[in-house]
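1. Curious how this folds, go ahead:
(one chain, ligands or ions: 1)
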Amino acid sequence: MSTEDETPFDAYREHVDRPLWRLFREYGPGRLSWFSIGMVANFLARMASLVPPLVLGAAIDAVFVGEGDYSLPVVPNAWLPTESLEQFWFSIAAIAGAFVAVALFTWIYGVSANLFAHSVMHAVRVDCFRKMQNLDMTFFDDKQTGEVMAVLNNDTQNLERFLDNALMNSARLLVMVGGIAGVLFYLNWQLAAVTLVAVPVMFAFTLWFMRVIEPRYVRQRSSVGWLNTRLENSLSGMDLTKTTASEEYEVSRVRKASKRLFDDTMAVLKLSYVYRPGMELLAGLAFAATFLVGGLWLTNGAAPGPFTGTLSVGDFVIFLFLTQRIVAPLAEVSNIVDQYENAKASSERVFGLRDIPVYVSDPVDPEPLEDVAGRVEYDDVTFSYATGEQRAIGGSEASGDGGLEAGNGGDGDGEADAEIVVEDVSFTAEPGDTVALVGPTGAGKSTVLKLLLRLYDVDDGEIRVDGHDVRDVHLADLRESIGYVSQETFLFDGTIADNIRYGHFDASDEAVREAAKAAQAHEFIEDLPDGYETRVGERGVKLSGGQRQRIAIARTVLQDPEILILDEATSAVDTKTELLIQQSIDRLTEGRTTLAIAHRLSTIREADVILVLEGGRVVERGDHEELLAADGRYATLWEAQAGTLDEALEAMADGGD
Ligand SMILES: Nc1ncnc2c1ncn2[C@@H]1O[C@H](COP(=O)(O)OP(=O)(O)OP(=O)(O)O)[C@@H](O)[C@H]1O
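-> Residues are numbered from 1 along each chain as shown. Okay, the predicted model is just below:
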């Protein structure tokens, strides 16, 4: 059950079962050969790296000191040369060969491990993005886009790091520590015991380090999040900051957040700078102890203290070399564990996102919606926005295939107390009709129209297009037949032509121009530096609200839908632009079923039906003349707009939300 400040995103994340295992199960097949090649090459590279010290030790004893056999672990003596000179050349060749093998296998390992990790990362990223594209509008209402960005950027990166780094490093750790320990015990178990006593101490030291650094990491991560939120918030509120001259206030808020991150980062660094040198010190002590015992053994010519047996110079050299080699892989333990923990949390987030159920989706067996005439019927439509928390709570009681079921689908517990925004709304628009919605702010006008597009699904009642329930047809067919010109016109980064073409990507240049002409946009577009090829959006020229709206109208003209939804702009434009927009809208609505939200009543005088909405209910209906004659809400609003401001304010207050 989720707590108050958790998003539904968290709720799904918490229900992900064995996330890393699922990652392998879903993304492993088809890539396992890269993974296996990487593992094997890594193993061989590490094994080959043990060869030079072993050969050197054997060569010192047999060739230089002239004592003992020329023998190597694992290799049968019959395969080795018996003559001193041959042994010398054999050693040189073996050492050089080992270095070549290390380089070659490291290269193979690097390429294949990275291919594996990056291709998983790529697939995860695309899958998450596709999932996000298909999520319900309610998800975006909860403003969780920042979370999704984090999944697409940080989490995929964490997975990649785990897959090529941590996994391969743990293999290296096992090979090196296991291999070295094996060799040392094989050569001289007593001296090996002296050397390897450091290993458990190093492990214990690492565990201690991980335990004490973890809370510092947590604090640091939360400071990063805090600083990001601050920065994001400050940037999006730039208008307010500037107009209230609060720049210094914002700087001081960011300074505080940045200082907190600085302090927390230093706390982490101070401790992590103890770890590496600490590990090296322990390895150094092991080295010194090995050197002391081995040195005494050789100089005395007999085993010191409790030790027994003999030690050759060559074996001693091997000990000295290999003791050094054990530190680096051991020092990786804390990184490996860290990367493992991060990857676990990241794959929980990835699958948390993937498990969020989508309610507004294509029906299993869609009815065809062809040659749309444009008849729109609302039949007792009732709807409420379920909040994220309500959806999560509703969902935690239901089950699904690894996911949760919840939402505003009508039977989730969570929505029992959600506020009803649209209640028992019924009306019919015959093909070609114009239905206008008016009413005070927050009355539910936009919501009524969004339900037609299936941005949300109704809780009760039915919305039909040409007699088909909108939930029974293909989403794409439905949305293709409806044009939506909203208050906010978003332009994607790209050219003007790209933006007009958006949704109908193969429209010809000619069609784009014709649409722009119909939207009264052609002239101003021609005046731009590169005409239709002028870049707009974040990195291009900035257009005025009126210009943006005409581009949106051109886009809708190109779409040529049978049904139109107009959410009239409230932003003020000059009279000439308003006239231009009005003309282009009039042309657009000709012969199409139009559902319009109007704030200026003058624009809807000609509507076939005007619905007055208040608190989600239709409180009056009729055409302009009928409503004036009825002398109700509409008449008051009309007089207010034509008359005094006082009356307008009164009317709004009466109808309040
Ligand atoms: N995405 C949403 N999630 C939750 N509640 C919402 C959402 N959008 C709107 N609401 C709420 O639903 C109610 C109706 O909003 P809606 O935007 O439909 O009104 P409106 O009549 O179009 O208002 P306006 O004239 O100001 O655009 C409001 O109380 C609003 O707070």
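
2. Could you count how many residues lie near Val458?
-> The tally of other residues near Val458 (other Cβ atoms under 10 Å) stands at 23. Heads up, the C-betas are built off the backbone N, CA and C, glycines and all.

3. Let me see the contact set for it.
-> By Cβ atoms under 8 Å, 6 or more residues apart in numbering, the contact list for Val458 reads 381-383, 422, 451.

4. Need these in a markdown table (columns: neighbour count).
-> Converted to a markdown table, the contacts of Val458 look like this (neighbours: other Cβ atoms under 10 Å):
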| residue | neighbour count |
| --- | --- |
| Val381 | 23 |
| Thr382 | 17 |
| Phe383 | 26 |
| Val422 | 28 |
| Leu451 | 23 |
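
5. Among the residues you listed, which ones are in strands?
-> Counting by DSSP state E, those place 381-383, 422 in strands.

6. out of the contacts of Val458, who's nearest the ligand?
-> Nearest to the ligand among the contacts of Val458 is Val422, at 7.7 Å by Cβ to the nearest ligand atom.

7. how far away is that closest one from Val313?
-> 91 Å (Cβ to Cβ, to the nearest Å).

8. and Ala283, how many neighbours does it have?
-> 22.

9. Quickly find the element holding it.
-> Using DSSP states H and E, the element containing Ala283 is helix 247-300.

10. could you point out which element follows that helix?
-> Per DSSP H and E, the helix or strand that comes after helix 247-300 is helix 313-325.

11. what's that following helix packed up against?
-> helix 32-59, helix 167-187, helix 189-196, helix 247-300 (3 or more Cβ pairs under 8 Å, 6 or more residues apart in numbering; DSSP states H and E).

12. Of all these, which one comes closest to the ligand?
-> Of all the helices and strands packed on helix 313-325, helix 247-300 sits nearest to the ligand, with 28.0 Å by Cβ to the nearest ligand atom.

13. Please work out the angle formed by the directions of the helix holding Ala283 and helix 167-187.
-> In terms of direction (axes from the mean of the first three to the mean of the last three Cα atoms, to 10 degrees), helix 247-300 departs from helix 167-187 by 20 degrees.

14. relative to helix 313-325, how tilted is helix 247-300?
-> Here the directions of helix 247-300 and helix 313-325 differ by 170 degrees (the same axes, to 10 degrees).

15. which helices and strands does helix 247-300 pack with?
-> Using 3+ Cβ pairs under 8 Å, 6+ apart: helix 247-300 touches helix 189-196, helix 198-236, helix 238-243, helix 313-325, helix 327-331.

16. Out of those, which one sits most buried?
-> Comparing the helices and strands packed on helix 247-300 by mean neighbour count (mean count of other Cβ atoms under 10 Å), helix 313-325 ranks first with a mean of 21.

17. and the angle for that helix with helix 189-196?
-> Using the same axes, to 10 degrees: helix 313-325 against helix 189-196 is 20 degrees.

18. Put the alpha carbons of helix 313-325 into CSV.
-> C-alpha atoms of helix 313-325 as CSV (Å, rounded to 0.1, in the frame of the first residue of the first chain):
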residue,chain,number,x,y,z
VAL,A,313,64.1,-18.5,-5.3
GLY,A,314,61.7,-18.9,-8.3
ASP,A,315,58.7,-19.7,-6.1
PHE,A,316,59.6,-16.7,-3.9
VAL,A,317,59.6,-14.4,-6.9
ILE,A,318,56.2,-15.8,-8.0
PHE,A,319,54.8,-15.1,-4.5
LEU,A,320,56.1,-11.5,-4.6
PHE,A,321,54.6,-10.9,-8.0
LEU,A,322,51.2,-12.5,-7.4
THR,A,323,50.7,-10.9,-4.0
GLN,A,324,50.6,-7.5,-5.7
ARG,A,325,48.1,-8.8,-8.2
